[in-house]
Each structure stands twice: as C-alpha cells, then as structure tokens.
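Chemist: need coordinates for the below:
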Amino acid sequence: KARETGQPQTIEKMTPDGRWWYIKGHPVKDKNGRVTGMTELTLDITERKRAEEAVRNAKDELEIRVAERTAELFTANEKLRQEIEDRRQAEEERRVSEEKYRTLVDSITIGVGLISTNMEVLAVNQQLRTWFPNIKIDQKPLCYQAFHDPPREGVCSFCQATKTFQDGQVHESLAEIPSGDEIGYFRVISTPVKDTAGKVVAGIEMVEDVTDRLRTQKALQESERRFKSIFENAPIGFYRTTPDGRILDANPALIHMLGYASVEELAAVNLEANDYHPKYSRRDFRERIERDGEIKGMESFWKRPDGKLIYIRENARAIRGSDGKVVCYEGTLEDISERKQAADQVRNLSQQLIKAQEDERQMISRELHDSIAQDLSSLLIGLDIFSDHQFNPIPEVQKKALELSEILEGTIGAVRNLSYELSP
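Modeler: Residues are numbered from 1 along each chain as shown. Model (predicted):
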C-alpha cells in the first residue's frame, strides 16, 4: 500500500503464534518523487498489546463494577429515600396519632397523668389541668403535693402508683381527697409503663371524680330504703302484675288483706283464673287501664281463698316499655269493708231514724187533732156561754169571755194547721 499510494503505511497484525507485530512501510523516492523502493520497520508489540488488552479488560471490568456499584448505590439510595419517606410518613402518622390520642385524652372527663417512679408529675390531660389549674408540669412537681390541698408531706397511704412501681401490676382504689372544706371521692387506676426490658419506668394514673355518683347512689339507697319501708309497712296493699294476670310483687299488707300466707303463695295466683279474679271483669279492667292509662277509685268485691268477700278500692296505672307496649300494672288496694259496713249501718240507722221521726210526727198529729183540738173546742164552747148576756148578766165577764174566745179560736186554728203539717 505504501508503494501504491506513495504514502507511509502502518499495520498491527497478530501472527499464528499469537504474537503481535507493528509493521510500518515507507516508500523510498528518487529526486523526481518516484517510488524506487521500500523500507519496512517491524516491531514486536506483543507485550504492549497484552498490556492494552489487560488495560481494556480491566477497564471493562471496572466499568462493569462501576455499573454494578452504581446500581447498588442507586438501589441503596432508592431504599434510603424510601426509608426516609416511610420514616417521614411514619412520623407524620405518629404525629397525627399522638394528636388524635392527645385530643381524645384531653376530651374525656377522666383525669389522666403520667407519674415517674420518683413520684414526679410528667404530664397531665386537660381534665387534670381543670381540676388543678396551678400545676406546673415543667417544674416536675411531686404528685402528693400537686394533687392535694393542702399539699402532703409524703406519699399517700392509698397511693396506687407506688404499688404499680413495686409489682408492675394494675391497681385500683377509691380515694377520699379533701379540697378546702369539702371531701371529694375519686376512683384511681394505676397502670405501669415499661421499657423494652420490661422494667417499670413510669405509671399512668387515671382519676375519675365519682363524688356526685356516690352521693347520688347514697341518695338512691336512702330513697330505696324509705320506699321499701313504706312498701312493707303501709296499711294499704301495693302490687305489680303482668297484663296476663301474673302477680309479680306484693307488699305484706296486700298479702294479709287477700288472705294469703306469703308472697310466693300469692304469686301462684293468676287473676285471669275464674276462681281468683275479682268480682268484676278483668277484661273491662284491662281495657280501661290500657285506654286511659290509669284507674282511680274503682270499688268492687274481692274473693279471698277462704270464700270471704272483701270490699276494696283500687287505683292502678299502666307501665309501658320504650316501645310503648304495656309491660305491667302497678296499683294499690285498700280494704274498705269496715268503712262500707259502717256506711251501710249509718244508712240503715238514718232510715230507721227517719221512720221513727215519721211515726212520731203521725202520733203528735193525731194527738193534736184528736185530743188537744177537741179539748180546746170544748173550752171555746164554755167561753161562748160566758160571753152570752142571756147566761151571764155581768158586762165585764162577758167582755173578758169574748176576748178569750177569740184567742182560743186562733189557738185551735194553729193546732189544726200544725196537725195537718205533721201529717204524712
């Protein structure tokens, strides 16, 4: 190629024995620039080629390793980025969760506090801050001083947190805590907070003000005691029955009134049964009470087991459930048999008195008409004779007799009128 082109030519070539040669052909020209010959330089470049191959291989291997490392770094970077994102998301979720639970804990009416094993108050919720507005958490006050007025000198004898710190268990108690001139009642529950090794490092105390509840319970118990006393000692009968006639409850007065020995014996009675129901229609009773909601002053006879009839006055009302259906009847029974008998006796005596009065009036009427009126008439006749001048010549006597006759005639008329008025 050097002879043909007149230009130097180089070539690198490997011989079959695996050696590499650098060959350079250079044309030899005369003064006219015509190629007259050739010179050839041959160098053994096997080592260089091997070195270049090694460098090339090393470069390829390096590139592969760089690519692999780059991929590893990219993967690690992506993983780190994902971990950072996951951690950021976890932190956000933790923040939202903490905010949610902080809001939840602050919104409940139970006081919640975090107490260290040294009895320091580390955190409180809104309710405890409301109860104890002067507490300063940043100063880590001691609980037995911060939560008491006046502050205590040492740990409370009823402290549940101390027990929790000792055995790692949940403890509960009812504490009486003075506040000024009053005493409040608080339900205290202590729960342990443990580290990863299971060691108790703090305690959560939940404090519920049950003062009003206990006072209400005591008032309710006192009310129930009074009601029970009234129920058991009242002279009238109290009962509760189902609409189908079963007796649910009865007081001693009712049991005695109806002639039974015990509430169990009375409870075995069904008011719908013919042998036991009152002498009025149970059906009418149900219709009236379910229509009007109550029955007032109903009077009727009630048949006792011994066959004796008693006269009672009944008041009752229907008790309905949340669905509006009648679940039972509550009422009272008053035995008015003696009162009824006394009223009957008064009525009989009144009738007898009226009859006696009528008889006496008739007797007086007859006496006035048949006896007194006749006697007065006879007396009038005699006075008429004295007033007649044919029989009595004395003028003064005649005048006086005439006056008396007029008076007597008026008296006879009055007696007759009275007799007529007394007549039936």
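
Chemist: only C-alpha atoms for contact and neighbour calcs from this point on.
Modeler: Will do.

Chemist: immediately after the helix or strand where Ala67 lies, which helix or strand?
Modeler: Using DSSP states H and E, Ala67 sits in helix 46-107. Moving toward the C-terminus from helix 46-107, the next helix or strand (DSSP H and E) is strand 111-116.

Chemist: note down every partner strand of that next one and its orientation.
Modeler: Within its sheet, and counting by DSSP bridges, strand 111-116 is paired with strand 121-124 (antiparallel), strand 200-209 (antiparallel).

Chemist: how about these in JSON lines, adding distance to Glu47, mean pLDDT and mean neighbour count?
Modeler: What follows is the strands paired with strand 111-116, written out as JSON lines (distance: least, C-alpha to C-alpha, whole Å; pLDDT from 0 to 100; neighbours: other C-alpha atoms under 10 Å):
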{"stretch": "strand 121-124", "distance to Glu47": "79", "mean pLDDT": "90", "mean neighbour count": "21"}
{"stretch": "strand 200-209", "distance to Glu47": "74", "mean pLDDT": "90", "mean neighbour count": "21"}
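
Chemist: go through those and name the closest to Phe238.
Modeler: strand 200-209 (38.4 Å; C-alpha to C-alpha).

Chemist: residue ranges with poor pLDDT in the stretch 301-424 of the chain?
Modeler: The model of the stretch 301-424 of the chain has pLDDT under 70 over residues 359, 362, 364-376, 378-398, 401, 408, 415, 419-424.

Chemist: follow-up on the earlier one: format the strands paired with strand 111-116 as TSV; extra columns: distance to Asp335.
Modeler: Below are the strands paired with strand 111-116 laid out as TSV (distance: least, C-alpha to C-alpha, whole Å):
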stretch	distance to Asp335
strand 121-124	64
strand 200-209	49
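
Chemist: what values do phi and psi take at Leu271?
Modeler: Dihedral angles of Leu271 (phi, psi; degrees, to the nearest 10) stand at phi -70, psi -10.

Chemist: and it, how far from Leu41?
Modeler: 140 Å (C-alpha to C-alpha, to the nearest Å).

Chemist: these two - which one has more neighbours?
Modeler: Comparing Leu271 with Leu41 by other C-alpha atoms under 10 Å, the one with more neighbours is Leu271, at 19 against 11.

Chemist: what about Lys199, neighbour count?
Modeler: Lys199, neighbours per other C-alpha under 10 Å, totals 12.

Chemist: for it, give me its contacts.
Modeler: Residues near Lys199 by C-alpha atoms under 8 Å, 6 or more residues apart in numbering: none.

Chemist: per-residue pLDDT, it?
Modeler: pLDDT for Lys199: 92.

Chemist: which stretches in the stretch 101-250 of the chain count as strands?
Modeler: If you assign secondary structure with DSSP state E, counting those that start in this stretch, the strands in the stretch 101-250 of the chain sit at 111-116, 121-124, 171-179, 182-194, 200-209, 237-241, 247-250.

Chemist: now do the helix holding Ala67 against strand 111-116, angle only.
Modeler: Counting by axes from the mean of the first three to the mean of the last three C-alpha atoms, to 10 degrees, helix 46-107 lies at 130 degrees to strand 111-116.

Chemist: packing partners for helix 46-107?
Modeler: strand 20-29, helix 126-131 (3 or more C-alpha pairs under 8 Å, 6 or more residues apart in numbering; DSSP states H and E).

Chemist: per-residue pLDDT, Ser116?
Modeler: In this prediction Ser116 is given a pLDDT of 93.

Chemist: wait, it touches Lys140, no?
Modeler: No. Contact criterion C-alpha atoms under 8 Å: Ser116 and Lys140 do not qualify, at 9.4 Å.
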